[in-house]
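Participant: Task: produce atomic coordinates for the following.
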Amino acid sequence: MQSPPFLRKGNKGILESMMAENSFKKAFKNWNARPKLRFVRSSRSPLTTLFRVRSHPKQRSSHWVKWLSPGLFIKRWLLLSAMGVLLTVLGFAIWTKLTPVYYLLRFIEDALTQVAVILPNTISGPLLLLVGVLIIVWGQTRSLGSITEVLMPEGDGELVDVLLAHRRLNRGPRIVAIGGGTGLSTLLRGLKDYSANITAIVTVADDGGSSGRLRREIGVLPPGDIRNCLAALADQEKLMTELFQYRFEAGDGLVGHSFGNLFLTAMGEVTGDLEQAIAASSQVLAIRGRVFPATLTDVRLWAELDDGQRIEGESKITEANGKIIQVGCIPPDPPALPRALDAIRSADFIIIGPGSLYTSIIPNFLVPEIREAVAQSQVPRIYVCNIMSQPGETQGYSVSDHIRAIDGLGGQYLFDAVLVQRQVPTDAVLSGYAEHHSHPIQLDRDLVKRLGRRIVFADVLDLNHKQARHDSKRLAKVLLRWYGRVQHLYESIKKQP
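Facilitator: Residues are numbered from 1 along each chain as shown. As a prediction, this is how the structure comes out:
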């Protein structure tokens, strides 16, 4: 079996074992039992295909009334087309000295006279009107149905529903989400139901797991957090998440690697850099929004602990299991990605977190330009605090401790409000965390208010998860609701001289 072209041998041979048939079969053995897949050309992506699971065709129903919904720009074009037909007929009539119009009017007059003789005008008039309307509706329905069959051959939904969703999402607020790890991808998975104007700014300081190995052996920026965000924003998110998050369990040099990391690494080799690789992958996955690294510089995190130790490397910081006093990066003050700065400056809403405080959130603000851009922004800004403390980073931390850690980076306010989980997790969940010395983050309300932050209480816990994780849909709903309440306040501030 030949290896796929995007998994060929890399610079240091990390993908070498994919060329061996036995290793390839072992690596993909879990995929053999999955539902049968077929390739379907995507109308959303200009690049090749997307995967879809074969399903039973749905019974199509007439949705022609929805085509008249406001915001689709359908009614105006239908009216414009009718006007075009009328003007064409009139122009031809004038060109031929009105002769066709004269005979046409004579014919219509004679025909109506004959109809009126047979049926009185109180019956023939409404009858002809009804027939005319039915013909118009039938013709438009058949025309739009033919277009739908071409653009949506699988029959999974109606074209009008897709257009309505497209218009609604494109009118959504320009949201910038800053963070990394699983917390950011969880947030994005919920936000994409409210807006297609999402920009995720992701840290590139990871040096553990598959990302760390690729970083050391091939010299690329860590793709792991970026992969999670792309999978979360993908339109075909369920299957694409499984594909991008698939982790190899066999093969020398492949064990532990995720397919998405290898895909982004190979795409980076093809396109020339990580930014181009992300853009190309975004088109392949037809994602709703954009994903940018905070910087294209190869940065390494360092932390000073209360016992005087200086730890280098993101993964080693948490392993040290000490109290962090200060964090920084090597090289210091890396330049920001220009497109990330543009997204922050044009944002309507900025969300920070959730995620590991010192290894997912703060690394983004070690880029001075990003820190300055967020601090100068005059739009609603909110920090989503974690539900549980994290061993090796935030043991014993309260909500105000998280705020102080972020404020201490440059002495600037980077957010105006903090979202806090209202209820603690169940005893069963807490007992599992207690074994790892992790506890719920306590809200010290008075200290948070002294720090000048509003407190947003909400139940955003995922009740179906065995761990204390945010529920993506609940979290996004609460955040957008808060944004809707305070949006006008920020707009009035902007208008002040």
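Participant: max-length helix in this structure?
Facilitator: If each helix of the chain is counted by residues according to DSSP state H, the longest one is helix 121-151.
Participant: from the chain's centre, how far out does that helix sit?
Facilitator: Its chain's C-alpha centre and that of helix 121-151 lie 40 Å apart, by C-alpha atoms, centre = their mean, to the nearest Å.
Participant: How about stretch 298-309?
Facilitator: In terms of C-alpha atoms, centre = their mean, the centre of stretch 298-309 is found 32 Å from the chain centre.
Participant: Show me what that stretch is in contact with.
Facilitator: Stretch 298-309 is touched from outside by 204-205, 207, 215, 219, 221, 310-314, 317, 320, 322-331, 334, 358-359, 363, 366, with contacts defined as C-beta atoms under 8 Å, 6 or more residues apart in numbering. C-beta coordinates here come from the backbone N, C-alpha and C atoms, glycine included.
Participant: Could you list which of those belong to helices?
Facilitator: Arg215, Glu314, Ile317, Ala320, Pro363.
Participant: so where is the stretch 301-450 of the chain shaky, pLDDT-wise?
Facilitator: Across the stretch 301-450 of the chain, nothing is flagged by pLDDT under 70.
Participant: next one: the stretch 1-150 of the chain
Facilitator: Checking the stretch 1-150 of the chain against pLDDT under 70 turns up 1-75, 97-101, 140, 144-150.
Participant: one step back: and the next element down the chain from the longest helix of the chain?
Facilitator: For helix 121-151, the succeeding helix or strand toward the C-terminus, using DSSP states H and E, is helix 159-170.
Participant: just the angle between that following helix and helix 121-151, please?
Facilitator: 70 degrees (axes from the mean of the first three to the mean of the last three C-alpha atoms, to 10 degrees).
Participant: by contact count, what packs against helix 159-170?
Facilitator: When contacts are defined as 3 or more C-beta pairs under 8 Å, 6 or more residues apart in numbering; DSSP states H and E, helix 159-170 packs onto helix 121-151.
Participant: between the ones in helices among the contacts of stretch 298-309, which is nearest Gln395?
Facilitator: Nearest to Gln395 out of the ones in helices among the contacts of stretch 298-309 is Ala320 (C-beta to C-beta; 12.0 Å).
Participant: Burial check on that closest one, number of neighbours?
Facilitator: For Ala320, the neighbour count with other C-beta atoms under 10 Å is 15.
Participant: tell me the two of the ones in helices among the contacts of stretch 298-309 that are most distant?
Facilitator: Spatial extent of those (C-beta to C-beta) is set by the pair Arg215 and Ala320 at 19.9 Å.
Participant: what ranges do the helices span in the stretch 151-300 of the chain?
Facilitator: Remark: helices assigned in the stretch 151-300 of the chain by DSSP state H, counting those that start in this stretch are 159-170, 181-191, 209-218, 224-233, 237-245, 259-271, 274-285.
Participant: pLDDT of the first one, averaged?
Facilitator: If you average the pLDDT over helix 159-170, you get 74.
Participant: likewise the fourth one?
Facilitator: For helix 224-233, the mean pLDDT works out to 92.
Participant: cool, and the longest one?
Facilitator: For helix 259-271, the per-residue pLDDT values average out at 90.
Participant: What residues sit buried inside that helix?
Facilitator: Of the residues in helix 259-271, Phe259, Gly260, Asn261, Leu262, Phe263, Leu264, Thr265, Ala266, Met267, Gly268, Glu269 count as buried by neighbour count, 16 or more other C-beta atoms under 10 Å.
Participant: Report the angle between it and helix 224-233.
Facilitator: Interaxial angle, helix 259-271 versus helix 224-233 (the same axes, to 10 degrees): 100 degrees.
Participant: The chain should start at 383 in everything you say after this.
Facilitator: Sure, I'll start numbering at 383, so the last one becomes helix 641-653.
Participant: Please list the residues outside helix 641-653 that contact it.
Facilitator: Under the contact criterion C-beta under 8 Å, 6+ apart, helix 641-653 has outside partners 388-390, 392-393, 397, 592-593, 596, 600, 602, 605-606, 608-609, 612-613, 625-630, 656, 658-663.
Participant: Return a PyMOL selection command for the buried portion of those residues.
Facilitator: Filtering these down to the buried ones (16+ other C-beta under 10 Å) takes a single PyMOL command:
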select buried, resi 389+392+397+592+593+596+600+602+605+606+608+609+612+613+625+626+628+629+630+656+659+660+662+663
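Participant: before we move on, the earlier item: which among the contacts of stretch 680-691 count as buried?
Facilitator: Of the members of those, the ones counted as buried by neighbours, 16+ other C-beta under 10 Å, are 586-587, 589, 597, 603, 693, 695-696, 699, 704, 706, 709-711, 716, 740-741, 745, 748.
Participant: Please spell out which residue in this structure sits farthest from the middle.
Facilitator: If you look at how far each residue of the chain sits from its centre, by C-alpha atoms, centre = their mean, the farthest one is Val499, at 65.9 Å.
Participant: What are the buried residues along whichever strand or helix holds it?
Facilitator: Here Val499, judged by DSSP H and E, is contained in helix 481-500. Buried positions in helix 481-500, judged by neighbour count with 16+ other C-beta under 10 Å: Val497.
Participant: What helices and strands are in contact with that helix?
Facilitator: Using 3+ C-beta pairs under 8 Å, 6+ apart: helix 481-500 touches helix 457-477, helix 503-533.
Participant: Off-centre distance for it?
Facilitator: 61 Å.
Participant: can you list contacts of it?
Facilitator: Contacts of helix 481-500 (C-beta under 8 Å, 6+ apart): Phe474, Ala475, Ser506, Leu510.
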